[in-house]
Every structure is written in structure tokens, then in C-alpha cells.
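*Asks:* Build the 3D model from these lines:
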Amino acid sequence: MLKEAHELQRMVDSALTHLKAAPTSLWERPAPSTVRGITTKVFPWLKPAPLREVASNGSNAKTKADNSQQSPETIAAAVKELSTRLDHQSKVLATATLALVAAREHLESLEQATPPTSTERLDHARARVQQADSTTRLASQQLRELIQVTEVLQLGALSEGQDQVKQKAEFSQQWLGELRTRMQALDVRFADRHAAIEIELQIKVAETRELISLDHDMTAAEHTAAHANMQLSALRAQRQETPEGSDEADRLDTAIGQTLATRSQAMQTHQQLAKRLVRVDADVARLNDELGEIHQRIAIVNDERFALKTLDQKLPASDQVTTPAEGEAQERIDKTALKNVREQYLASQISQAHAFAATGADEIQAALQRIGDRLQGTPPPTSLPAFAVIEVITSALADVTGNDATRANRVLDVLSQHPLEHWPRVAEEMSKSVRTRSATNNSIQQDTLNLCRKLATVPRGMEMLQVLSSDGTAPIVAERAKPLRVFWNADEAQQKEPDGKVKAWLQTAKQVARSKLDGDEKSFDDVDHAAFNAVRNGYFSNAPGTPYAQHDQRLKKATMEWVMRAVAANTPEQATATAPAKSSLPRRLVPTLNKTPFAKSTLDRAYSVGESMGLQSPRKQVDQVISARISMLEETLKNAKGAPGLQLEISAAHAMLDHLKSLEKKGTHLSQVTLKNRDGKSMQSLLKARVQQQRLSQIWDKPDANGKRAVNVLHKAQHIELPPLYSELANSKLSVYEAINRVDEHLREILPPALQPAQSVEEVLDQDLNAAIKLLKTRHLSEKSDIVTFFKPFILESRLRHRLRLGGGGTLGVGLPSLPYSLISPIVSPIFSAEKSRSDEAFAQVFMPILGMEMSFGKARTEAADVTIGVAAGSAVAEGVGIQAALTGRFTAQETQTSSTLMRFFRTRHKDDEMRGNMLTALDSMVRWDIIDPQKGQRYAGPLEAILARNPEVSVSQIDVTSSTRNVAARMALRVPAVRFKDGASDASQTLTPEPSVYVEADRIKETRTETGGFISVVGAEGDTAQQRAGVTANLNFAPIASSATSAKKGANHGVQGQGLGLQLGVSRDLAWALEKNEISPFLIGDKQDADLDRHYSTPRDMQAEITANRDLWLMRCIETLEPDEKGNKNTPDNRLRAAIHLDAFEATIKRLGKDSKYCQYNVNYSMKGRAGAEIDGYRGIQAVALQRGDVQAAEKAQQAIDDILLTKETWRPLVLIVRERARDSTVVGWRNLLRWQKLSNIDGQRTAAQFPPP
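*Replies:* Below you'll find the predicted structure:
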């Protein structure tokens, strides 16, 4: 109950803090420290670009003010102003249209007049028509732009903000009320507990009083007995003096008898009380302790009750929620105004049909009105804005029909008569049929098919086509939209494709799409499904040189060349005929060639990095299995302890296990150990010690006939050899697992059946484990299937934001070495160095971001340049010993271009295991594409075809990432002492210089990422990172060959500077680290827009401020992820409490991580609302159609509208709070002096340390 009280108190404190917290901006850092605020104001470069600028590519981030909350009345007033503007512009257009009609009629009358009108009057009339036409077009364009601006959407977003304010207020009121109710209920329970404790106290007090009263009774008995003794002594003295037989003697005898009886009674009472009070002291002490504890408990209960009452008083008074009486419930004023203005805008748009001639739109208005009515239905068939649907449809129709309203009207009528599945059949029939048709009918059908093809290329075009169809009142389902889009995309590509093979490939995709639409059970070859999925992912050709072929080639390279290079690197020079041939020597000497991320050392470091973060790996998996096998074998040996004649075998097995456990205690991974001769020596030593110990035990346990034991008798040590099996194992180079299996099999052969192990080896060893053992035994890849073996544990155990990246490559560069470029100076000299380099890296990565699970294979190229300037000062303090201090600054710039193929599976809640299984199947398809037998049809032509055929939900895309890094660093070093050792034969010497230093550095990293192709793809992601570090280094510089500087000789102007071949060994450690990153990640799921907005920090302070300011929003977000009640309602009191408990635990975790871990990244993630995504899709559709007709200005305005939506606060909603831990291992080996020749190996690991809402 105390735990519950403390938990409730934390929740109330958090709620009160939230009520007092100042609001935070979505776009700004919530809680920068004072020092950082001052520093970044003085040096703005030390912080990233503002999130607003990142989110909109800087287009209008500097001019657009932050969105603030507006009252419903203010919103309604703004809507009224828009309505007035629309009326005015409509009147301007109507006036211009009437003037145009009049001018045309006047011109026509002049042209038909008899006698003919003069040329001058005709020219004047034509000029008047042309001017009226220009005026009408301008007015029409202005009205069109007014309808397409985002002001109505912005006001709708503000109105939605009012809904959220109301929702937050209601939630807060409910939650505070529930907290008050829970506190009151807890106070009642505490009161009951207080009463129970009081009763217990009274009982204990009564027991204590009883013990005290017994003690008083015992004291009274003692006094009575003592008094009786005194009285008895006096009576006996009187009796001795009294004569026998006298009356006085009789009286005294009677008195003595009575006194004896009194004393006897008192002593008896004393004895009885003494027996009862034997433990009186202990009982009183115990009761005193219990009373103290009870008083303490009462004090705790009183304190808790006082704290609860204090918090209860601090909670705001509950507002009475009054339900409006019947007939009084009215729609909010801003909602009504927005509804009316949307209808007004749509009516104006339909009446004008801006894509068509101003005087020719009447014929299409009825059809457009039918579409408008559908778009305003409840619910509407699409979430796209109605004006965007009308604009896209009319623009597409104008392009298809040549601005002919009559043809457009016929197309809309024909579309409204059939479902969407009808038109693929028509397209196929028209492509095959040679029958003659009516020219008019053919034209209508052709226009219809062209419109279908055009809209299929527009974002969410299938939803728009659905509105035009006979089923237009209901939304289209994904099971119909996907094959429809595939069909029309393939059909359009087929129209333009000159290659017959590619046309046939596209035809198979169309056939699969039609089969899915028709719902038949027609069976297709696996490669046909691959073609369908390829088109679904945006690949419309599989010809050489296309993106499809490039992906296929890259995946082949990853599974063949990279593996062969890793195998060849570990192949001895005298290799067998079947071993992969090494690359040519010149190629191997160039570190930027012959790259592979699967090198032996890279895999080892990947195991270590992953395991250090708690990630699963084959090594960890096999280590666990070996430990279990050792325990099983130990149990078998324990049971076989008394087996006759087998003691040496059993002792040898014990010795082997003892040796393996000693290796394990030293940190050795048994999964990578192969037994060698030294292991045999260790086992023999352990066996000898064990046998001698057993003999001593036997001697001690068996005395001779005289009962003496011969323990102290000196015995000659006997030579003990390992049994043959163990001698063989010691030189067999078997893995530990294989050795244990051999011992297990041997024990089965020699032990009696009753003592044999219960489980066979075959039941333990499965195919995956066997492959992992083989991989770990060789410690490098032996075949391409080892890729699956390596990644499988990581994939199956991966969690949100877990990442493992392996990279291998090299660097080539040239530069000026770090020398003191100056005249010889005994004290001060400047330092200068410069370098230009290029690094190439091949990499493989498995990652699970919020979007889903992904694997990527590709390459990264980095162009870098850095310059170091500084000054060194110092002098010799003794012969051969000098002290020197150096201050240097380094400026680095590098550009990284990354290209890779990515496989991704979308995350669906509660289906993570299915997603991991899909990724494993995709990786297996990629690796074993030439081995796997298809379920039907011909074999796969490559890894990409196998992936697409066996994984219908996979998304395959091309990732292109550009990263620009700027680094500024300052370093202060002290070289002391500098010791020089001369060889005595020449001026050559050796120098040894310890060099401690401190450094500070700052980075700015700008990154852009875009993906092409793929059903799910990130498009136009932007990130800006500012990072600073401070730390210390310790270097040991050694020059095995060095020459001393010599002074200028007589008559010479200059001396000779000292030169040396420098080697360096160093370690560094960061003492402080700061990071801030702003990032937006727009992505498409199919053709639907979504996005994430991220802010990253290096301390939990900003995340805590985010939670404090928006606690209600985060609690409501958590409730969305919880299970509903039996009525389907999630916002229940139990779920509200559960969400609060989760958030309280998360806050405690980030506080702990802030103290314990200095390298966590705290990520606040907001996600785009579905309403905003639909609005952006509407403008994306307008933009796509505008680009198709070459209207760049309209496309730019649509992009501006998209930026406006992105910069609206109501576009975003809280999604998840994540704390990530990262680990990195980078190894560089080579030469870096004048020339740079280095091989590099990089491992990056990442795991989620905490997450809210919990997964």
C-alpha cells in the first residue's frame, strides 16, 4: 500500500507540474541549459539548423510565424473573410466572362454583316476580344489559385487544434478526477489501517500492563513473605520465653501457625509468579520494540495521509461537465463556417471548370457536380481534399481530351457506368482485337483508358478513379487498388517500351494483376509473381542497365564477390584447386579496391559490439548451447562417479571440462576455440592433479589393520597419460562443441545403459546450430550461406531501433606531414599539415526503425580534406631530455555519398515476429537464389527475382544518401620528457616521447536521404546535427630512426632540421559530449504520404521537459496502444492508470540513464496525422499533373502549399519517445605520413534502452 501511495503521489506531482508547465514549441528545443543557450547565441554554428527550416527545406521557414491557438470566433471571422474574397473574385470572373461573350458576339456580328465591315472596325473588335479573353483567363487563374491556397486547410487545422484543446481538457479533467478518487480511496484504506494499528497498539499495551501487574504481585508476595518471616521470628522468641501449657503459649502457637500459613501462601504465590515471569524481561523488551514499531507505523500512515490530503488540496477543483439540453446542442461556429466555405469553394470550382475554356465548361458541370456530391458524402469515398480531386481530374481530362469539354463529359459518363475492374479487360481486348470499331466509340474508350493510365501515375490516383466509377460512393480497398495501379503502370510502360522481352515481362505482371482483380484461382509461375511485385515496387523494366538490373547486380556482388574476397583473404598461398583465387597483387595493394564487410576481423568485432549491447549473435548463441552441454555432461559424469574401471576416463572428461570452464572464466568464447596441443597439456595437468587427489582421498579413507592412515607416507608419483580419445582431441583442431559431442558419444559407448545421458546429440544439434558452429570454427565466411547464419540471430531477436552495420574498405590520400615549417628555433616553431583523401567502404546493415525492418547492402565513398595549424614551444632541459607544449587547431571537411539496395518490410502492430520471419526469408532468397527450387515454373534469374517471387510484401528501393560534415577541433599537448637514445656510431638516434593532451571538437553534419523505387520509401529526408566533444588523449610517440637538428655552420644561413620515422600508440577518452539533431523523414506507403519529425538530444533534460509540457498528449498516445475493453473503448479508467504507470516508469528510467550512461540519444518523435497526409497527397497530385503538362509555376506553388502544411503545428502528433544507446568500433591499419594508405573496418551497433509507449 505504501508503494501504491508513493506511485500515486508521483502521478499527482507530475500532473500538478504539467498544469504549471509553460507550453513548449514543437519546433524549438524544450529545455536548453543556460550555458548552452549563451554559447550557441555567440556561436550559432554550434547548433543545428532550426527544425522549421529542416522540415521545409528552408523555403519559408524564416518568414512563417509559429501557429498559435485561435478561438472558434477568430477562426469563423477568418473564414468569413475568405468567403468574401471568393465572392469578389467570382464576380470579377463572371464580369470578365460576360464581357468576353459580348465581345465575341460583337465580333461575330461584324464578320457576318452585309455589307462587310471595314477592316479597321474588325481589327478593333478582334483586339477587344483578345483583351477580354486575357482578362478572363487572368481572373480565372486568380480564382483557381485562391481555391488552391492552403488558407482553408490552415483554418481547418486550427479548428482541429481547438478540438484537441477540448479533448485535452476533458482528458485532464477525467484523469485529475480519477486521481482524486484514488487518493480518497487510498486515504480510506489508510484510515482503516490506522484503526487496525490502534487496536493492535491497545492489545500490546494491555499485554505490557499485564506483565507489569504480575511483577507488582510478585513484589507484594515477597514483601508479605518477608513480613511473615519477621513476625514469625518475633513470635518464636516470645514462645521460648513463655511457659508450656499456659494460655499465652497456646495463643502464640496459634499465631505462629497462622504466620507460617501466611508465609507459605506468599512463598507459593511468589514461586508461581516467578515461573510466569521467567521471560518477563525479554517479553517487556519485545513488547517495547513492538510498541515502537507500531508507533512508527502510525507515524508513517499519518504522514502518508497528510501528504495525500495536501496533494488533494493542491488539485484543482473538479469542473462540473454539463450536458447541453436537447435542442441546445449546436455545431461550433468555426465548424459551421468551415463547412459552408468548403461547399462554396467546391461549387465555385465546379461551376468554372478552370482546366477547360471559360465558355465551354457548361457541358461538364453536371458530371463534376455528381463527383462533388460524392466527395461531400458521409463518409466521403476518399480523404483527399475535394478541391484537389476536382483539380486533378479536370486537369487530367483536359490533357487527355485536348480541352474538349464534350469529350470529357462522355468519358466521365462512361466511367460512372462501370466498376474499375471493367477497364483492364477493355484495355486488353483493345490491344488484341483487330475488329473495326466506330470511330466515336473507339475515341471515347481510348480517352477513358488514357485517363486511367494518367491517374495511375498520380498520387492516390486509384482513389480518384474510384470516385468516378459506378462504385464511387464507397472507398476503394487496398486489395483492389494495388493490382489496379500495377496493371495501369505496366500498361503505360508497355506502350512506350521498345524491347519485346520487357514487353512480355510487363504482360505477365498485367496478367497477375488481372487475376487478383478478378479473384480467380489461376496459377502463375513464381517469376510471374516476381514481375507483378517488381512493377508494384516501381520497376517497369528488367533490361540491362535499368534500376532493376542494378539492384540485381549489387545483390549478386554482396553474396558472391564480397564472400569470395573474405574467403580468399583467409586462404593460404598454397591453396587447393577448389579454393577461391586471390585477387591480383596490384588490386590487393589498393585499399579502396577488393572491399568486403565480411572480413574475419570485422565479424569478430561485430560479435563483440553486438553482444556488448545485449544483441543476439551466432557466437552468443553457440556459447549458451556449449554452456548447457557442459552442464549436461557434468551431470552425466556425476552419475557415473562409481562406475567400475572407468575412473580414468571419467577423470579425463572432468579435466577437459575444467579446462574449458577456466577458459570461459578468462573471457574466452568457447564457440571460437579449437583444441590445440597446449589444451592437451592443460588437460593432462588437470587430470594428473585430479587423479592424485583421488588417491590421497582413498588412502585417507582406508586405514591399515592397526587403524593408522598412510597419508604421510611418501609415495612415488606415477606417470599419468591422457586416455587415447583425449590425446586425439588435443591435436584434432576440433571446435569445443565437436569435442564435447565426441566425449558424449564415447561415454555412451563405455557407460552402462543406466548411466548414459538421457538426451542424444542429434536432438540437440539442428541445422542452424551446425552452420553457426562451422562459421565460428573457421572464424570467417566459407560460403555465401554463412551470410544467413551470421545475420539470423540478429534478425530474429531484433527490437525497435536496433541496428548493426558492418563496413570494410580503405583510404588513399596524400598530404603534407606535420612538421615545424620554420627556421630552426630552440623554443618556438609553427606547425602545419594538410591532407586530401578518399575512402571507399562496402557495407551491410540490418536495422529496425519505426517504419519497419530493413536490410541494406551498398557502398559509401567519402572525400575528405583537413588542415592543421598550430604552434609548438619547448627546449631541452638536460642532455637528451626535452619538454615541449603544442597548441593546434584542425579544420576538416568531408562529403560522403552512399548508394545501396534496401529490402524493407512494413511494421504492423503485434506482428513483429511475422515481419522478422519475412526478412529472414528475403535474406535467404537473396543468398540461395540459385539453389532454391521455385514452387512452379522456371528457375530464378537472379537474387532480386527470387526475393520478389518469394516475398510478396517486400519493398525494394535504391537509397542515395549525401552527408556533409564540417569539423573544427583544438588540441593542447605536452611532450614531456622527450628522451633521445643515440647509437654512438652516427648521428642517427631513437626518440621516445609520451604526449598527454586535451582536446575539444565540434561537428556539423547535414544529411539528405532519398529512395527511388519501392512500395514503401523515404523521400527527401533531411537532417542537421550539431555535436561537440571534449576529452583527453595519451600518446606514446616512438621514432626508431631520427636525426638531430644541426645549427647553421659558419658562412651558412640555415641549419638542418631534425627528421624521423614516427610511430604512435595512443588512447583517447571523451569526458564530455553534447548532441542536438533535427530531422524530418517524409515517406510513402504505396502512394500515401506520411512523415516523422524527430528531435535528438544527448541528455534527458529536454525529453523530460517535453513530457512535462505535453503529458496529456503522451498519455493519450499510450492509451491508443493499449487493449480496448469489451465494448471496444480504449480510453477507460484502467487504461488511463496503466498509461500513467508506464509513463512514470519511463521517466524513472531516463533519469537513471542520464546518470549511468553518458552516450545515450534521447529521441522525441512526432508523426504526421492522416488528415495532413491526405492534404499533402492532394497537392502532390496537383503538382504531378502540372509537371506532366509542363506548368512549372503551378508545380512550385503546389510545393509551397505542401511546405505550409508541413509547418503547421496541427499537422503533427506525438508518436514515440525513444532512448538509444550506440556503440562503434573502428579499426584503421596502414600508413599515414605524406602518403595515406589505410585499410579500415567499421562496426556500428545500436539498441533501444527505453521506449514510450512500450512495445
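
*Asks:* Roughly how far does Thr262 sit from Val1219?
*Replies:* 85 Å (Cβ to Cβ, to the nearest Å). (C-beta placed from N, C-alpha, C; glycine too.)

*Asks:* before we move on, what about Ser56?
*Replies:* From Ser56 over to Val1219 (counting by Cβ to Cβ), the distance is 28 Å.

*Asks:* Following element in sequence after the helix or strand bottoming out on mean pLDDT in the chain, please.
*Replies:* Among the helices and strands of the chain, helix 761-764 carries the lowest confidence by mean pLDDT, DSSP states H and E, at a mean of 46. Sequence-wise, the next helix or strand downstream of helix 761-764 (DSSP states H and E) is helix 767-778.

*Asks:* just how off-centre is that following helix within its chain?
*Replies:* Using Cα atoms, centre = their mean, to the nearest Å, the distance from the centre of helix 767-778 to the centre of the chain it belongs to is 30 Å.

*Asks:* Packing partners of that helix?
*Replies:* Counting contacts by 3 or more Cβ pairs under 8 Å, 6 or more residues apart in numbering; DSSP states H and E, helix 767-778 packs against helix 618-639, helix 736-750, helix 786-796.

*Asks:* So for the helix or strand hosting Lys1155, what gets flagged as buried?
*Replies:* Per DSSP H and E, Lys1155 falls inside helix 1133-1156. Burial within helix 1133-1156, assessed by neighbour count using 16 or more other Cβ atoms under 10 Å, is assigned to 1135-1140, 1142-1143, 1146-1147, 1149-1150, 1153-1154.

*Asks:* Make CSV from those and add pLDDT to it.
*Replies:* Formatted as CSV, the buried residues of helix 1133-1156 follow (pLDDT from 0 to 100):
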residue, pLDDT
Asn1135, 92
Arg1136, 90
Leu1137, 91
Arg1138, 92
Ala1139, 93
Ala1140, 91
His1142, 94
Leu1143, 94
Phe1146, 95
Glu1147, 93
Thr1149, 94
Ile1150, 94
Leu1153, 93
Gly1154, 90
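
*Asks:* what ranges do the helices span in the stretch 1151-1255 of the chain?
*Replies:* With DSSP state H, counting those that start in this stretch as the criterion, the stretch 1151-1255 of the chain has helices at 1170-1188, 1192-1206.

*Asks:* between those helices, which gets nearest to Phe487?
*Replies:* helix 1170-1188 (19.0 Å; Cβ to Cβ).

*Asks:* what inclination does that closest one have with respect to helix 1192-1206?
*Replies:* Angle, helix 1170-1188 to helix 1192-1206, by axes from the mean of the first three to the mean of the last three Cα atoms, to 10 degrees: 170 degrees.

*Asks:* Can you give me the buried ones in helix 1170-1188?
*Replies:* So helix 1170-1188, judged by 16+ other Cβ under 10 Å, has buried residues 1171-1186.

*Asks:* Out of these, which is nearest to Leu806?
*Replies:* Once Cβ to Cβ is applied, the member of these that ends up nearest Leu806 is Gly1173, at 35.1 Å.

*Asks:* Which strand residues bridge the nearest residue to the closest one once chain neighbours are set aside?
*Replies:* Excluding its sequence neighbours, the residue lying closest to Gly1173 (Cβ to Cβ, 6 or more residues apart in numbering) is Gln1089, at 4.5 Å. With DSSP bridges as the criterion, Gln1089 is bridged to Leu1084.

*Asks:* Begin at 519, not 1, for the rest of this chat.
*Replies:* Will do, 519 is the new start, and the previous item becomes Gln1607.

*Asks:* Tell me how far Gln1607 lies from Pro1600.
*Replies:* In terms of Cβ to Cβ, Gln1607 sits 7 Å off from Pro1600.

*Asks:* Was I right to think Thr912 contacts Ile868?
*Replies:* No - using Cβ atoms under 8 Å, Thr912 is not in contact with Ile868; the gap is 9.1 Å.

*Asks:* what do the two both touch?
*Replies:* Common contacts of Thr912 and Ile868 (Cβ atoms under 8 Å, 6 or more residues apart in numbering): Leu886.

*Asks:* Now for Glu849, how many residues are close by?
*Replies:* By the criterion of other Cβ atoms under 10 Å, Glu849 has 9 neighbours.
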